[in-house]
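Asker: Curious how this folds, go ahead:
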Amino acid sequence: MSQLSPDETLRIVRHFLLSSPPGQFEDVLYDIRELVANDQLLNTGAFDIFRTYNVEQLIPVEVPNQTYKVILSKYNEVTPQTYLDPVSDQVLTVDHVKGQVTGVSPASSDILNNSLKQKKDKLVKAIQKYVDDHYLSGISSVFPSQRDDQKGELIICITASKFNDKNFWSGRWRSVYRVSFADDKVKVSGSMKVNCHYYENGNVQLNTSKEHAETVDGGDSFADNIVKMLVKAEGNFQTQIDTSCANLNETFKSLRRPLPMTKTLFDFASSQHKLAREFGGN
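Answerer: From the prediction side, this is the model:
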């Protein structure tokens, strides 16, 4: 690392940290600090790296004096340090390094996009129930789009993480959907991503994703129709992953050579004794 320029070092550090497996960001950071041995340099890039990781990985934060969490994402980012809480209609100031909310302030009307408030509130409840029913540790948020060309849209974010250090595995689910309204129809488009890491006596990672788009009926039942679509789409994706993993297990087995090319097992024990006698006789 000492032969690299500061910018090159930070670029490599950024790559490793943003590629950290689920739940192991701090472990990777600890190892990097040992290798780089320059906290002053690391601190110069810490904010940007932590912020990018939190936003890309849909990391949730606890809201002061509330029982729910809000997902950090590019969809509710007001500034690099402030994020919309769509439940309380407030703006949260976030310390990305600590992963904590340090302040709360009212959100302006242009951020809230009040024309979608009724639809947003209805969708928030429907998605929360869906996540509670189908995820062991899921968090969801529904945001009004902040982009000028998407002002009539809502964004659904779902994330769920599971860390099991005792059994050497971790995993994270992320899904994001854009919801646009047109007459009596609702178009839903987005993607689902899964990252898993197994690291007992090795290092095996699974990174997979799938895009999905579908149009459902609108009206008063639009939120329920979106949930029905998610149940089917995300359920099918999970089934595909289960099938692929089962097939992969058989593929790994077929790669193992049961016998050497001679079709004869090598007697390692006898050969070791013979070598020991020969070396001992010299």
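
Asker: So which residue is smack in the middle of the protein?
Answerer: With distances taken as CA atoms, centre = their mean, residue 57 lies nearest the centre of the chain, 3.9 Å away.

Asker: show me what contacts it?
Answerer: 22, 159, 172, 174 (CB atoms under 8 Å, 6 or more residues apart in numbering). C-beta coordinates here come from the backbone N, C-alpha and C atoms, glycine included.

Asker: how about the nearest residue to residue 164 once chain neighbours are set aside, what does it touch?
Answerer: Leaving aside its chain neighbours, residue 164 sits nearest to residue 170 (6.6 Å; criterion: CB to CB, 6 or more residues apart in numbering). Residue 170 is in contact with 21, 22, 23, 24, 161, 162, 163, 164, 196, 197, counting by CB under 8 Å, 6+ apart.

Asker: Figure out how far the helix or strand hosting residue 170 is from the centre of its chain.
Answerer: Following DSSP states H and E, one finds residue 170 within strand 169-182. Distance of strand 169-182 from its chain centroid, counting by CA atoms, centre = their mean, to the nearest Å, is 10 Å.

Asker: Please provide the alpha-carbon coordinates for that strand, formatted as CSV.
Answerer: Provided in CSV are the C-alpha atoms of strand 169-182 (Å, rounded to 0.1, in the frame of the first residue of the first chain):
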residue,chain,number,x,y,z
TRP,A,169,-23.1,-17.4,6.9
SER,A,170,-24.9,-14.1,6.2
GLY,A,171,-27.4,-12.9,3.6
ARG,A,172,-29.4,-9.9,2.5
TRP,A,173,-32.5,-9.4,0.3
ARG,A,174,-33.1,-6.1,-1.4
SER,A,175,-36.0,-5.1,-3.7
VAL,A,176,-37.0,-1.8,-5.2
TYR,A,177,-40.1,-1.0,-7.3
ARG,A,178,-41.3,2.1,-9.1
VAL,A,179,-45.1,2.5,-8.9
SER,A,180,-46.6,4.8,-11.5
PHE,A,181,-50.3,5.6,-11.9
ALA,A,182,-52.2,6.0,-15.2
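
Asker: average model confidence for the helix or strand just after that strand?
Answerer: Following strand 169-182 in sequence order, the next helix or strand is strand 185-198 (DSSP H and E). Mean pLDDT, computed over strand 185-198, is 96.

Asker: same deal with stretch 120-134?
Answerer: Stretch 120-134 shows an average pLDDT of 96 in the prediction.
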